[in-house]
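**Q** this one's sequence-less:
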């Protein structure tokens, strides 16, 4: 094969340089959210969902469904401003939140959905735990334990007083998670109004979700400094207490003293 002549090599080099100069700005603008026909750049929404095969809607328009392995959904070309994000799945309680999308940025949200019907397994019939473990679970419901008004998980600290739950970040400034931040502003603490909590703890393996009991039942509540705080009923039974065992299992104690594991 004959080598390319000097002239041809110069032509190829100049052609590649021109292509690079022309297309690089287009790629950068596309990554920033600019689209054909849009004068202003768009933004994106990154939704992380705890359950697979959930439908995601933005402003009542069905956009995507997450999968079994990839539980997240990235929605691009969203115009700047406020939008309603809705997540739904058959047999689960729907999740919705109004968020603000900013130009050239991706807004992250976590949508945790929970089943409408939760099975309860009596602790005496639960073969998952040994007799010694069952003793430890019963001790979780000691009055002194449930009266503790502070909880910690990872670097998130919760304290409850007079119908207000204070959510505080005690880690390093640069490692604050998304739920302490709006896109342009982060804070180390925010407050949630939750009247008359009987007991509460972090939901298993999550620092952005708690499980709490009130006079009418047990609820799951998200921790997020933005917009509304979603709360979902888990078990509706009066004067029921809740506790989390080994950061993995949710147990409840009904008013008659019987203890059950919530099979979530």
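**A** Structure received. All values derive from a computational prediction rather than experimental measurement.
**Q** Show me the contact partners of stretch 56-63.
**A** Here stretch 56-63 makes contact (CB atoms under 8 Å, 6 or more residues apart in numbering) with 45, 47, 49, 55, 64-66, 73, 75, 78, 83-88, 111. The C-beta positions use only the backbone N, C-alpha and C, and glycine is treated the same way.
**Q** List buried residues within those residues.
**A** For the contacts of stretch 56-63, burial is judged from neighbour counts taken by 16 or more other CB atoms under 10 Å, and it is met by 45, 47, 49, 55, 66, 73, 75, 78, 83, 85-88, 111.
**Q** quick one: which of the contacts of stretch 56-63 sit in strands?
**A** 45, 47, 49, 55, 64-65, 73, 75, 78, 83-88, 111 (DSSP state E).
**Q** among those, which one has the lowest pLDDT?
**A** Minimum pLDDT for the ones in strands among the contacts of stretch 56-63 is recorded at residue 64 (90).
**Q** so what's the closest residue to that residue other than its chain neighbours bridging to?
**A** The shortest distance from residue 64 to any non-neighbouring residue, by CB to CB, 6 or more residues apart in numbering, is to residue 73 (4.6 Å). Residue 73 forms beta bridges with residue 47, as assigned by DSSP bridges.
**Q** Can you give me the neighbour number for residue 224?
**A** 21 (other CB atoms under 10 Å).
**Q** can you pull the contacts of the closest residue to it other than its chain neighbours?
**A** Nearest non-adjacent residue to residue 224, counting by CB to CB, 6+ apart: residue 179, 4.5 Å away. Residues counted as contacts of residue 179 (CB under 8 Å, 6+ apart) are 110, 208, 222, 223, 224, 225, 226.
**Q** In strands, which of those appear?
**A** Among these, the members falling in strands (DSSP E) are 110, 222.
**Q** pLDDT and distance to residue 127 added to the contacts of residue 179, as TSV?
**A** Shown next, in TSV, are these (pLDDT from 0 to 100; distance: CB to CB, whole Å):
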residue	pLDDT	distance to residue 127
110	93	33
208	93	32
222	93	32
223	92	34
224	88	37
225	83	42
226	78	42
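**Q** Of the contacts of residue 179, which is the nearest to residue 163?
**A** Ranked by distance to residue 163 (CB to CB), these are led by residue 223 at 16.4 Å.
**Q** How is the chain partitioned into domains?
**A** 43-111, 119-263 (automatic domain parsing).
**Q** Compute the first-to-last residue distance for the last one.
**A** This points to domain 119-263. 5 Å (CA to CA, to the nearest Å).
**Q** ditto for stretch 152-163
**A** Chord length of stretch 152-163, first to last residue, is 19 Å (CA to CA).
**Q** which residues touch that stretch?
**A** So stretch 152-163 is contacted by 149-151, 165-172, 175, 177, 193-197, 200, 202, 207-208, 210, 223, 247 (CB under 8 Å, 6+ apart).
**Q** Let's see which of these end up in strands.
**A** Filtering these for strands - DSSP E - leaves 150, 151, 165, 166, 167, 168, 169, 193, 200, 202, 210.
**Q** contacting residues around the fourth one?
**A** In other words, residue 166. So residue 166 contacts 158, 159, 160, 189, 190, 191 (CB under 8 Å, 6+ apart).
**Q** I'd like to know how many residues surround the second one.
**A** Which is residue 159. Residue 159 has 14 nearby residues by other CB under 10 Å.
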